[in-house]
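Chemist: Turn this into a model:
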Amino acid sequence: MNDILAGLRKRKRKARIVVVTLIVIVLLLMGITLMVGDTFYPLDVVFKVIMGDKNISGASFAVGTIRLPRMLAGVLVGFSLGLAGSVFQKMLRNTLASPDIVGISSGTSMAAVFCILILQMSGPSVSLISMAAGLLIALLVYMLSSVGRFSSARFILIGIGLQAIMNALISYMLLRANQYEVSSAMRWLSGSLNRMQMSSIPTLLIVVIVCTIAILLLERYLNVLELGDDIAVVLGVRVKVVRILLIVCSVFMIAFATSVAGPIAFVSFLAGPIAHRLVGSGQSYAFAAGLVGAILVLCADMVGQFLFATKFPVGVITGVIGAPYLIILLIRINKTRGVS
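Modeler: Reported below is the predicted structural model:
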């Protein structure tokens, strides 16, 4: 018994160390993002700008107007995608159950492209409509997968099917549009932190804080849901209520994040497994997954900006990283299940 308790304490200590380390890495990347660019600004200058000094030549505009909202959006969007993705994967007991694979991100993207190309809209209204579309797609997937009795496999398959439909509609609208309109839609579809403004940050911050608190409070029930619905019911969990609350909170985070920065590929898919590997089995890793998501977005954004002669949107870099992982995961699943 003492050995079991000692092992439990050791795993908890490891999980805390991992979370603290991830927080430190996020803070370091935030500082580097603000300092590095076409012009390098030392940390003391960056700090003065953040504290409200608007009289520093060059730095006040570069740091305060361009880099600061870009950095904050990267952290919040990455955290949202990572946390929400890990909830979906854990709740549905499947690593493939990521929001950008089960159709939620595609629904948000389809609505945004429709607004940009067909309705000739721009600005915050596009974000609001695309967010609402993501919520509707999630609701539709849940309703269809809950016919009779909720099935995680059905949820994933229906989501993949709706994703294919949404992607087909996006391709059709892009083909029908003129080349000048297509460029603005493609910038949004690639997932980018370019032209980010501070006006987009407060609402996203509120959503992230509220939904994160709700998910962390529900996480103990999420751990029970991972054992299966029957066991969860026996242990007194109101399965349907908990599942709906988790889906609503996660979808809100995904929809708001996507409406701000576009569909940044594979962050929600990668963050959960990485965090799980770092934290270890038997420990909660949702918050750690959010931190990993923020790290992935900040690192990918810096790579896209500075590592190549051409500047690439953050979604292109995360897509290059995530696609091989998806292929490897599918190969492993096939080998495990004996599929030739």
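
Chemist: Can you give me every residue that contacts the residue most central in space within the chain?
Modeler: The C-alpha lying nearest the average C-alpha coordinate of the chain belongs to L81 (C-alpha atoms, centre = their mean; 1.2 Å). Taking C-beta atoms under 8 Å, 6 or more residues apart in numbering, we find L81 in contact with 99, 253-254, 257, 264, 267-268, 271, 293, 297. Bear in mind the C-beta positions are built from the backbone N, C-alpha and C, glycine included.

Chemist: Then A257?
Modeler: Going by C-beta under 8 Å, 6+ apart, the list of residues near A257 reads 76-77, 80-81, 84, 204, 264.

Chemist: Looking at those, spot the one nearest L128.
Modeler: L204 (12.4 Å; C-beta to C-beta).

Chemist: Would you mind measuring from that closest one to T108?
Modeler: Separation of L204 from T108 (C-beta to C-beta, to the nearest Å) stands at 14 Å.

Chemist: Which of the two has more residues huddled nearby?
Modeler: T108 (33 against 22; other C-beta atoms under 10 Å).

Chemist: count of neighbours near the residue nearest to that one when sequence neighbours are not counted?
Modeler: Once flanking residues are discounted, T108 sits nearest to G134: 3.8 Å by C-beta to C-beta, 6 or more residues apart in numbering. For G134, the neighbour count with other C-beta under 10 Å is 30.

Chemist: Name the SS class of G134, please.
Modeler: Here G134 is recorded as helix under DSSP: H, G, I helix; E, B strand; the rest coil.

Chemist: which residues sit in contact with it?
Modeler: So G134 contacts 104-105, 107-108, 111, 251, 254-255, 258-259 (C-beta under 8 Å, 6+ apart).

Chemist: Would you mind measuring from it to A62?
Modeler: Separation of G134 from A62 (C-beta to C-beta): 33 Å.

Chemist: Same question for S146.
Modeler: Distance from S146 to A62, by C-beta to C-beta: 50 Å.

Chemist: Look at the two and report which has more neighbours.
Modeler: Remark: of S146 and A62, A62 carries more neighbours, 18 against 15, as counted by other C-beta under 10 Å.

Chemist: What ranges in the stretch 151-300 of the chain fall below the confidence cut-off?
Modeler: Where the stretch 151-300 of the chain drops to pLDDT under 70, the residues are 229.

Chemist: again, 80 this time
Modeler: Residues of the stretch 151-300 of the chain meeting the criterion pLDDT under 80: 151-153, 177-188, 190, 195, 223-237, 239, 259, 281-283.

Chemist: so where do the helices sit in it?
Modeler: 152-176, 179-189, 201-225, 229-234, 239-261, 267-279, 286-306 (DSSP state H, counting those that start in this stretch).

Chemist: Relative to K90, which of these is closest?
Modeler: Short answer: helix 201-225, nearest of these by C-beta to C-beta, at 5.8 Å.

Chemist: Now do that closest one against helix 152-176: the angle between them, please.
Modeler: Per axes from the mean of the first three to the mean of the last three C-alpha atoms, to 10 degrees, the angle that helix 201-225 makes with helix 152-176 is 150 degrees.

Chemist: hey, which helix is longest across this structure?
Modeler: When the chain is scanned for its longest helix (criterion: DSSP state H), the result is helix 2-35.

Chemist: Run the angle between the helix or strand just after that one and helix 2-35 for me.
Modeler: Next along the chain after helix 2-35, taking DSSP states H and E as the criterion, comes helix 43-50. Interaxial angle, helix 43-50 versus helix 2-35 (the same axes, to 10 degrees): 80 degrees.

Chemist: buried ones in the helix or strand that helix 43-50 is followed by?
Modeler: Following helix 43-50 in sequence order, the next helix or strand is helix 59-61 (DSSP H and E). Buried residues in helix 59-61, counted by 16 or more other C-beta atoms under 10 Å: 59-60.

Chemist: pLDDT on the next helix or strand after helix 59-61, on average?
Modeler: Next helix or strand after helix 59-61 toward the C-terminus (DSSP H and E): helix 68-91. Mean pLDDT, computed over helix 68-91, is 92.
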